[in-house]
Each structure stands twice: as structure tokens, then as C-alpha cells.
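>>> Mind looking at a prediction? Sequence and model below.
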Amino acid sequence: MQALAHVARISSPCTRLPLQHVNRSLMNTSSASQCGAAMGGSGMGPEAQCFYMGPGTLKIDREQFHGPIRQRVCERMRAALPAEKQGIILLKGGDVESVYSTDGEQLFRQEAYFHYMFGVNEDGFWGALDVRNGRGYLFMPRLPESYGVWMGVIQGPQYYKAKYAVDQVCYVDDLASVLSAAAAPCIHVLAGKNTDSGIEIPPLSFPGSDSLNIETDTLFRELNEARVHKTAGEIALMRYVNNVGSRAHVAMMQAACPGAMEYQMESLFRHYTYTHGGCRNQGYTCIAASGPNGAVLHYGHGGAPNDRQMSDGDLLLFDMGCEYYRYGSDITCSWPVNGRFTKDQALIYTAVLDAHSSVIAAMKPGVSWPDMHTLAYRRILSGLKMGGLLQGDVDGMIAADIGGLFMPHGLGHLIGIDTHDVGGYGVGFPPRIQRPGYKSLRTARVLEEGMIITVEPGCYFNPVLLLPALENPQHSKYLVKDAIMRFMKMGGVRIEDNVVVTADGSLSLTDVPRTVQEIEAVMAGKAWPFAGIQGVSVAETQNSIAGVPDAPGVAVV
């Protein structure tokens, strides 16, 4: 912790808490004992089959976590296929990738579908699940003797059988013979297109596969739908990564000051989530945008590596999430670097917060996600009109796609193992809407219980969109040019929570200061969680992690 203390001392005008105090106060509110009480959980299996990063982090019993998932997938496949066509699901795990042509290796992260089903840490594995009886198999690589020198002890099938709680472990070179001996009518493999990336998943092939009946029409759809609807264990895990990520966002609020570099806040986030939560990875590139950089939706990439020095008066937009056991959070907070909102900053922030709160309050099963996107536009445009930036009828603005000028991205996306999780579009679901803003929605579905989706309305002053609009008669009649030009260097505001759709509503898993008053109080040194301006316990607010059912085999210990 001492090594990062300089972050809060870069500029002498900074008067907020030194970093050591920030982390000490956060540990008092999110310690292992408190988190354990919040997470609950009981009935852990043998230590060998648990994933765990040490005291105060989440312990996951792989059998109790992945068992219900495999059961759910089998049930979906049985419902989709007649008995005579129910076979064995086959998935290939990920492989280590080199850094271009070198012998350097990228840090391995397991392929998402494979992790979902089996939770295997190692590369080079395959997995199978017999739809007929639920029997699970893993196929491990035969490793050379040199592996024991460079990488660690070479374990055998019985070790991995115990670790991953499956019925049988064989070697990959026995894959075809084991599948043939199971006498299944077919082998179900993935084949389809990821609707976020546009990348096709080709059907698997392996030595001996030409002698098997490979079926490609069913698994992609059914596995995606299973991933859309989270189990109790998955919700508990998502609650954990939101808890850790939320605490890290508060740490940045209390450590930032004019004169610091954007990347130093990114460094603090990464350090905090790994040190206090065991989160080695982030689900996506950290966005630490200050001032005008906040208008760039995916700032922070290799060409713009969070390298601006933050200035007094800047509004910050920090979009960062952490990952644990391959599941990630995706949280965005916007706040002034000096701890006090200007009148103009508060105007934009409040309009976006109104959209954020209104959407979460309206979410429940049966609600159309594009309708929620429209609701967000309506709230933001109404706020801008009240602030003197827009004029005219709000319905007319929506019809003229004025909302897309200020919020060109979609309202949110499904989240889980992948930041942009699967299942947003597909056969039988609403197609993508081809309108500005709406076309960026990563799903147009009706909400269903068990979905976890981000709610992330935003308002940005991006000259690429707004300057041409000021010259377009269809748009300019709604835009108050002088007022908008006053905001052009502000950047933008985004507010993002990760929200579970419940049986009769929704629940945010994210727990950070949201109102102007809460943010200013926390940046002045007040601890979080706290009662806030509503005068109620944080356990009773929508920003609480309370209220999510405990899950067997998942607990902070």
C-alpha cells in the first residue's frame, strides 16, 4: 500500500484523504467478516474442488456451482430434442496464445463456454456432457516431462476428477474412442455467430471426428439461453465482483486530485481489486477519461492509454470492472476531480442520473429493453431542455433521433462471463433496430427473470456528432447552439450499474455513491456505505447488495 501513496500527493492542491487512509477505511466496511455475512453460503465440498484466492475472497465449490449449470443445459437440450436425437455435448477449452511470433505467452483466460460448464483453469482441455444421463467428462493433454521443470507438477486424471468434480477424466488422445464407446446418437457442438463481435464459431473437428455424427443446430442456441438466465451461484458471484469493483471506484474517488495522471487511477483500481478481492484480471480495457476525453466512448485503448494529466475543474468518467473466476463487473462513475460539481456539471449529471434511476425503477420481466432505451432518452432530453441546451417538444426530439446525438451507444448489455455476454440477438428474438443509438443496443429483447444487464445511460458532448447536427435543419431546430458550445469541452457523463432482473422488478448489484450530494460527501472523506441523503440504511436502498438469495457452495471466507 505504501508504494501507491504518491498517487494522492502528486499535486499540492489535493486535500482529500491519502491513499493509506482510503484503503484502511474501505477495509473497515468491506472486510472479510462483513462480506462473508453478506454472501452467506454453506456446505462447501472438499477443499480440492474449490476455487479460492485466499482469506477474504470468494470460495467457490465447483461441484455446487457448475452442477446446476450442467443440469440446466441438459434439461434445455432434452426439451429441444426428441429422445432419439439426444447425444453428448462436446466443448473445447482454450489454448495459450503467443505474443505474435515470439515465445512470450499471453496470460491464459479460459474460453467462456468451457468455463461456464466446467470451471477448468488449465489450457488444452476438452469437456463432454452426456445429455441423456448428465455424466460429465474431461479430456486432459498428455504433458511432456519438461512441463514439470518449467510449469509445475504433472498431475494425472484422478487429480483433475477430484478438482473439477466430474465423472471421468481421460486424455485428449482418447477423445474419439471414449465418445464412440458411449454410443450416443450424435455429438452436439457449437456453431454460430457472436452477435457482438460478428465472429463465427466453426464446428469442432478432431482426430476421429469424421466417424462420429456431429450435430450443429442445437447447442449454440440452448447454451446461449442458459447463460442468459443466471443461477443463484452466478448471481452471488456477480454480487461479489460488483462489491469489489464498487469499493475500488470509491477508492479512486477519494484518492484522485488535480495534477494526477489518468493512468494512476487505473493503476489504483487494478491494485485495489487484486489486493482486496483476488481479481487478477479486468473484463475489458479500463477507461479513465478526464475532461474532453470523456466524450470518447472507448477511450483508454492503446492509442490513447489513459495518459492525460487531470486538471482542476475536469469532470471524470471512469469505466472499470474487475473479474473473478471469469465473471466480471462493469461499473461507470462520473465525478469532478476536485470534489465539487459546477452548476453545468451538475445539470448534465442529474439528467443522466434521472435516466439511470428511472430505468432501474421500471425494469421487470416483460419490459422491452428498447422501451427502456427510449425512457432513458426521454429523461436525458428533458433534463437538457430544462437546462436550456434544447428547445421544442421532447417527443419530436425522439422522433428526430436527437437522443442519438448525445447518447450514441445502447442503454446496456447482458453481462456475466463475458462483459458483453451472449444471447442478445438470435432466432425468435427481436431484431436489431436500425436507428441512431438504437442500432448500438446489444439486445432488443424483453426482460426475463435471472438476466443480469448493465444500465448505463450517458450524455456526451462529442464534436464529431454535434457540430454537423448544428448545421442540419432537422436537428438544429432543437439545439440551442450557444448553450451547447459552452459544454463542448466538458466531455461526458455515464452512470453504470449491473442489475439483476428479479421476479417482480430489479436489483442493482453495484454499490457506489450516485447522487451529487453523496459523491461530494465521499470525496470530502465521508465513509461509504453510509445512509446518504435519503436518511435510510444502505441495506434498504437500491444500491445495496442485500436481498440476493444465498447460494450453496459460494461464500466469502
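Right, received. Where do you want to start?
>>> Where does pLDDT dip in the chain?
Along the chain, the parts satisfying pLDDT under 70 run over 1-42, 530-550.
>>> pull the longest helix from it.
Identified as the longest helix of the chain according to DSSP state H is helix 232-255.
>>> Just the CA trace of that one, in PDB.
Taking C-alpha atoms only, helix 232-255 is exported to PDB below (Å, rounded to 0.1, in the frame of the first residue of the first chain):
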ATOM      1  CA  ALA A 232     -28.200 -18.400  -7.800                       C
ATOM      2  CA  GLY A 233     -24.500 -19.200  -7.700                       C
ATOM      3  CA  GLU A 234     -23.800 -16.900 -10.700                       C
ATOM      4  CA  ILE A 235     -25.700 -14.100  -9.100                       C
ATOM      5  CA  ALA A 236     -23.800 -14.500  -5.900                       C
ATOM      6  CA  LEU A 237     -20.500 -14.400  -7.800                       C
ATOM      7  CA  MET A 238     -21.600 -11.300  -9.800                       C
ATOM      8  CA  ARG A 239     -22.600  -9.700  -6.500                       C
ATOM      9  CA  TYR A 240     -19.000 -10.300  -5.300                       C
ATOM     10  CA  VAL A 241     -17.300  -8.700  -8.300                       C
ATOM     11  CA  ASN A 242     -19.600  -5.800  -8.000                       C
ATOM     12  CA  ASN A 243     -18.800  -5.400  -4.400                       C
ATOM     13  CA  VAL A 244     -15.000  -5.400  -5.000                       C
ATOM     14  CA  GLY A 245     -15.300  -3.100  -8.100                       C
ATOM     15  CA  SER A 246     -17.600  -0.700  -6.200                       C
ATOM     16  CA  ARG A 247     -15.100  -0.400  -3.400                       C
ATOM     17  CA  ALA A 248     -12.300   0.300  -5.900                       C
ATOM     18  CA  HIS A 249     -14.300   3.100  -7.500                       C
ATOM     19  CA  VAL A 250     -14.800   4.700  -4.100                       C
ATOM     20  CA  ALA A 251     -11.000   4.400  -3.600                       C
ATOM     21  CA  MET A 252     -10.400   6.300  -6.800                       C
ATOM     22  CA  MET A 253     -12.900   9.000  -5.800                       C
ATOM     23  CA  GLN A 254     -11.100   9.600  -2.500                       C
ATOM     24  CA  ALA A 255      -7.600   9.500  -4.000                       C
END
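>>> Can you point out the buried residues in that helix?
By 16 or more other C-beta atoms under 10 Å, the buried positions in helix 232-255 come out as 232-255. In this view, the C-beta of every residue, glycine as well, is placed from N, C-alpha and C.
>>> what do you get for stretch 186-206?
Neighbour-count burial for stretch 186-206 [16+ other C-beta under 10 Å]: C186, I187, H188, V189, L190, A191, G192, N194, T195, D196, L204, F206.
>>> out of everything not next to it in sequence, what's closest to V367?
Excluding its sequence neighbours, the residue lying closest to V367 (C-beta to C-beta, 6 or more residues apart in numbering) is L447, at 4.9 Å.
>>> So what's the residue count around V427?
6 (other C-beta atoms under 10 Å).
>>> A strand includes it, no?
No. V427 sits outside any strand when classified using DSSP: H, G, I helix; E, B strand; the rest coil, being coil.
>>> from memory it sits against R221, does it?
Yes. Between V427 and R221 there is a contact at 6.8 Å, judged by C-beta atoms under 8 Å.
>>> and G424, what is it in contact with?
T195, D196, H413, L414, R442, T443, A444, R445 (C-beta atoms under 8 Å, 6 or more residues apart in numbering).
>>> do the same with Y147
I154.
>>> what's the spacing between P185 and K92?
21 Å (C-beta to C-beta, to the nearest Å).
>>> and the residue nearest to D421 when sequence neighbours are not counted, how many neighbours?
Using C-beta to C-beta, 6+ apart and skipping the chain neighbours, the partner closest in space to D421 is L414 (4.1 Å). By the criterion of other C-beta under 10 Å, L414 has 24 neighbours.
>>> For L317, pull up the helix or strand it's in.
Element membership for L317, per DSSP states H and E: strand 315-320.
>>> my bad, S205
In this structure, S205 sits in neither a helix nor a strand according to DSSP H and E.
>>> For the residue nearest to D421, give the beta-bridge partners.
I453 (DSSP bridges).
>>> what's it in contact with, if anything?
Residues in contact with L414 (C-beta under 8 Å, 6+ apart) are V228, H420, D421, V422, G423, G424, R442, T443, M451, I452, I453.
>>> same thing but at 7 Å, please
L414 is in contact with V228, D421, G423, G424, T443, M451, I452, I453, counting by C-beta atoms under 7 Å, 6 or more residues apart in numbering.
>>> what separates it from W369, distance-wise?
On the measure of C-beta to C-beta, L414 and W369 end up 10 Å apart.
>>> before we move on, the earlier item: sort out for me which of the buried residues of stretch 186-206 are in strands.
I187, H188, G192 (DSSP state E).
>>> between P185 and K92, which one's more packed in?
K92 (19 against 16).
>>> hey, what's the more buried one bridged with?
W126.
>>> these two touch, right, it and A128?
No. The pair K92 and A128 does not pass the contact test of C-beta atoms under 7 Å, sitting 10.4 Å apart.
>>> which residues in the stretch 401-550 of the chain form strands?
With DSSP state E, counting those that start in this stretch as the criterion, the stretch 401-550 of the chain has strands at 452-455, 458-460, 492-494, 497-501, 506-508.
>>> Within its sheet, name the partner strands of the third one and how each one runs.
Right, strand 492-494. strand 458-460 (antiparallel).
>>> for the longest one, same thing?
As defined by DSSP bridges, the strand partners of strand 497-501 come to strand 452-455 (antiparallel), strand 506-508 (antiparallel).
>>> Which among these is found nearest to S211?
strand 452-455 (41.1 Å; C-beta to C-beta).
>>> Other residues contacting the closest one?
Outside strand 452-455, the residues touching it (C-beta under 7 Å, 6+ apart) are 230, 238, 330, 356, 359-360, 411-416, 496-500.
>>> switch to 6 Å and redo it
Here strand 452-455 makes contact (C-beta atoms under 6 Å, 6 or more residues apart in numbering) with 230, 238, 330, 359-360, 412-415, 496-500.
>>> Using CSV, write out every CA atom in it.
C-alpha atoms of strand 452-455 as CSV (Å, rounded to 0.1, in the frame of the first residue of the first chain):
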residue,chain,number,x,y,z
ILE,A,452,-28.1,-9.5,-15.4
ILE,A,453,-27.9,-6.4,-17.6
THR,A,454,-26.0,-3.1,-17.3
VAL,A,455,-27.9,0.1,-17.1
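>>> Start the count at 36 instead of 1 going forward.
From this message on, residue numbering opens at 36, which makes the last subject strand 487-490.
>>> starting at the chain centroid, how far to that strand?
8 Å (C-alpha atoms, centre = their mean, to the nearest Å).
>>> likewise stretch 125-144?
That offset, for stretch 125-144, works out to 22 Å (C-alpha atoms, centre = their mean).
>>> what do you get for stretch 100-113?
Chain-centre distance of stretch 100-113: 23 Å, with C-alpha atoms, centre = their mean.
>>> Buried residues, it. List them.
Under the neighbour-count criterion of 16+ other C-beta under 10 Å, stretch 100-113 has F100, H101, G102, P103, I104, R105, R107, V108, C109, R111, M112 buried.
>>> ok, now stretch 368-378?
C368, S369, W370, P371, V372, N373, G374, F376.
>>> Greatest separation within these: which pair is it?
Pairwise distances across the buried residues of stretch 368-378 (C-beta to C-beta) peak at 15.4 Å, for the pair C368 and N373.
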